[in-house]
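>>> Please find the sequence and the predicted model below.
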Number of protein chains: 2
Amino acid sequence: MGITIKEIAKLAGVSTSTVSLVLSEKGYVSDTTQRKVQKIIDEYNYRPSGAARQLASNQTGNIGFIISDVHLSRSEAFYTRILLGSELEARNYDANIILSSVGQEYKLPRFLKEKNVDGIIIAGSVSDELIPFLKEDGCPVVLIDFDVDGMALDKVAMDNRRGVQMAVEHLLEQKISKIGFVGGSYYHPSIRERFEGYQIAMDRGGNGDIAHNKKYRYLTEDETSTDIGEKGTAEILKAVPDLEAIICVNDTTAMGCLKYLLKHGIEIPAQMSVVGFDDVNFAAVAHPPLTSVHVPKVEMGMAGVKLLKERIENPDRAFQTRTLPVELVIRESSMSNKQN
Amino acid sequence: MGITIKEIAKLAGVSTSTVSLVLSEKGYVSDTTQRKVQKIIDEYNYRPSGAARQLASNQTGNIGFIISDVHLSRSEAFYTRILLGSELEARNYDANIILSSVGQEYKLPRFLKEKNVDGIIIAGSVSDELIPFLKEDGCPVVLIDFDVDGMALDKVAMDNRRGVQMAVEHLLEQKISKIGFVGGSYYHPSIRERFEGYQIAMDRGGNGDIAHNKKYRYLTEDETSTDIGEKGTAEILKAVPDLEAIICVNDTTAMGCLKYLLKHGIEIPAQMSVVGFDDVNFAAVAHPPLTSVHVPKVEMGMAGVKLLKERIENPDRAFQTRTLPVELVIRESSMSNKQN
DNA sequence: TAGTAATATCGAAACGCTTCGATATTGTTA
DNA sequence: TAACAATATCGAAGCGTTTCGATATTACTA
């Protein structure tokens, strides 16, 4: 296709090795030569072939980003924002993100089959078989918002427990203690941690009896959704008519919760406070605006790339887990009148 | 790293060319040889090097997907779903999507600099300079939901005009004719088409006086947002107090519109109908659920990959524009009582 | 100023595939 | 059964880089 390094070398009157040195900015090159070569490069708009470079140097400059297709197609932009973060950070390293969604069928992404990446980021839950396979393959892997028991890997997480604790504390401060908990996807580590955070904070606030009473929770293995939110709210409300607040495992669930309450004329937050988690796009524009635990999604994506880079450069270092802090964003849905 | 084709060849007692033929499933290979070689391949878990393959065959199996970072980070999952579609379709061709967000600064993605892709998909608007540059470079390009005047390119579009026409007709049928139009990003071709659709349909319905009266519209070059929606609604309402409906250029804008109306106690749809466009995630869970023109986002992404593949295989064919149909999804926000 | 270190450049061997042309074998046709 | 086509396999030449010595030049040190 384009012009090659050989031709550039000839035009500049130097060897290809010299051109290569100019390109990579390492080794010794005199100023005059460097300028001379660079001029030709610019003039002919020369761009080195990635393939050749990869082949010769045995590194690709690519980062594989794996995400389950159900996550990628989920309505709320959670993993998408993580992807964005990774992409932004990758740009800093001049690396490319090769995206691959995987289904449940455990078909290896092509880039993997052809070892076209220096390392892999996995965001969210994926098929169980995939990760052991990758590890065995010796490919550097970083997990974002996921975990596999007993797998020594670099991970990026968020402080799920702390997040819900803050939410609970915020409610307790308003003298709201009859707090229910609604959610799905209970298989996911983050979800479990969120529930634990709820129990811990309730225990501490002296409301352990509530947090350990099954009447106050609706928790299923089904994928979180607005439906789960609606149904869960209905169930809990049936069991506990004088409920004061509902904490949802994520905003999607909370949307369902809001929907149910609205439909049944239960005033938010006057009669019922609602808190979500993730602080995704629509939390702020929901009706009423939804109090939610903000997750630094973009930062998580960036952290993943950083961790991966470090692992690639230093394959023998100890495995790390980077847990990013979260933040409670208080909006109307939980600003109970009782406070004022 | 791994085992190479040479070693496989030796182990199978054939030449590397034969192994290559087995791999690519073309040319003549006897059944026995094919089995023999495949056995070794499986046994040693051999996977050919993408780099070497690319270098030798001069094709990458990669598709570049370019999206402006503002789009990628936009809250609603519009372009993200297009990306998903492309990814799914790419899987069918065993191709990889290399994702690259670009900022306004027009820094070339690395994959582009190193011609690491067979073709490129651009989703949404990007820097003006980028596209001519790519064309000049001879790289196959497909535009999804974007256009550059006078650029002969393959494109994937949606029927924006028809979409808004349907919305208008739906309102007119309910004897609602005082319809305003709110939106931003007016520089974007799709947005302009949506506005045109509004005018055309209003003209046809005998309400041209309204559609051509500036009082009935709020249209800016600023990026669409809920803020635009709020502000636009406020402005139009000030100018036309007896307004009956508002069509927004997209759902994000419509969310702002709903927010404003809700805040000011204007009942939807009893006093005011609202229609959005795109039918993104939160449209269905909005309060009230938002009538919106459904855009087949995933299908658009898939169509882009198909178009690109066709172009790559046949570089000289005429340029095509694939316009996908849209659909009006009627929800509560526009089911005026007048109808019943 | 000889001897060594730093600087500058180059040639050539990889890197791991694909593919073309050559050669050998088998099958088909008149 | 001679002649030719189809089938099967192989060797070797690329593909466009990087990188490892080797060599040549210049600068510095004692």
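All right, it came through fine. Numbers count the residues shown, from 1 in each chain, chains lettered A, B, ... in the order given.

>>> How is residue A:3 assigned, secondary-structure-wise?
The three-state label given to residue A:3 by DSSP: H, G, I helix; E, B strand; the rest coil is coil.

>>> tally of neighbours for it?
Residue A:3 sits with 14 neighbouring residues when counted by other Cβ atoms under 10 Å in any protein chain shown. (Glycine included, C-beta is placed from N, CA and C.)

>>> got the contact list for it?
A:44, A:45, A:46 (Cβ atoms under 8 Å, 6 or more residues apart in numbering or on different chains).

>>> Low-confidence bits of the stretch 101-250 of chain A, can you list those?
Across the stretch 101-250 of chain A, the ranges flagged by pLDDT under 70 are A:106.

>>> ok, now how distant is whichever residue of it sits closest to DNA strand D from DNA strand C?
Residue nearest to DNA strand D within the stretch 101-250 of chain A (Cβ to the nearest atom of the strand): residue A:118, separated by 13.1 Å. According to Cβ to the nearest atom of the strand, to the nearest Å, residue A:118 stands 15 Å off from DNA strand C.

>>> Could you do residue A:6 as well?
Counting by Cβ to the nearest atom of the strand - residue A:6 and DNA strand C are separated by 10 Å.

>>> and that residue, that one's in a strand?
No. Secondary structure of residue A:6 (three-state DSSP): helix, not part of a strand.

>>> Skip the chain neighbours and tell me the closest residue to it.
Nearest residue to residue A:6, sequence neighbours excluded (Cβ to Cβ, 6 or more residues apart in numbering or on different chains): residue A:16, at 5.6 Å.

>>> give me the number of residues near the one you found?
Quick note: residue A:16 (other Cβ under 10 Å) scores 14 neighbours.

>>> Do I have it right that it meets residue A:7?
No. Judged on Cβ atoms under 8 Å, residue A:16 makes no contact with residue A:7 at a distance of 9.5 Å.

>>> so the most centrally placed residue in chain A is in which element?
Centroid-nearest residue in chain A: residue A:82, 4.3 Å away (criterion: Cα atoms, centre = their mean). According to DSSP states H and E, residue A:82 maps onto helix A:79-92.

>>> So which residues of the stretch 151-300 of chain A form strands?
A:154-158, A:179-183, A:217-219, A:245-248, A:273-278, A:291-294 (DSSP state E, counting those that start in this stretch).

>>> Any chance of a markdown table for these, columns mean neighbour count and distance to DNA strand C?
Shown next, in a markdown table, are the strands of the stretch 151-300 of chain A (neighbours: other Cβ atoms under 10 Å in any protein chain shown; distance: least, Cβ to the nearest atom of the strand, whole Å):
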| stretch | mean neighbour count | distance to DNA strand C |
| --- | --- | --- |
| strand A:154-158 | 24 | 26 |
| strand A:179-183 | 27 | 47 |
| strand A:217-219 | 22 | 48 |
| strand A:245-248 | 30 | 50 |
| strand A:273-278 | 29 | 43 |
| strand A:291-294 | 26 | 46 |
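
>>> Looking at those, spot the one closest to chain B.
Counting by Cβ to the nearest Cβ, chain B lies closest to strand A:273-278 out of the strands of the stretch 151-300 of chain A; the figure is 12.3 Å.

>>> contacts for the helix holding residue A:82?
Taking Cβ under 8 Å, 6+ apart as the rule, helix A:79-92 contacts A:63, A:65, A:67, A:71-72, A:96-97, A:99, A:121, A:123-124, A:144-145, A:297-306, B:69, B:72-73, B:77, B:80, B:99-101.
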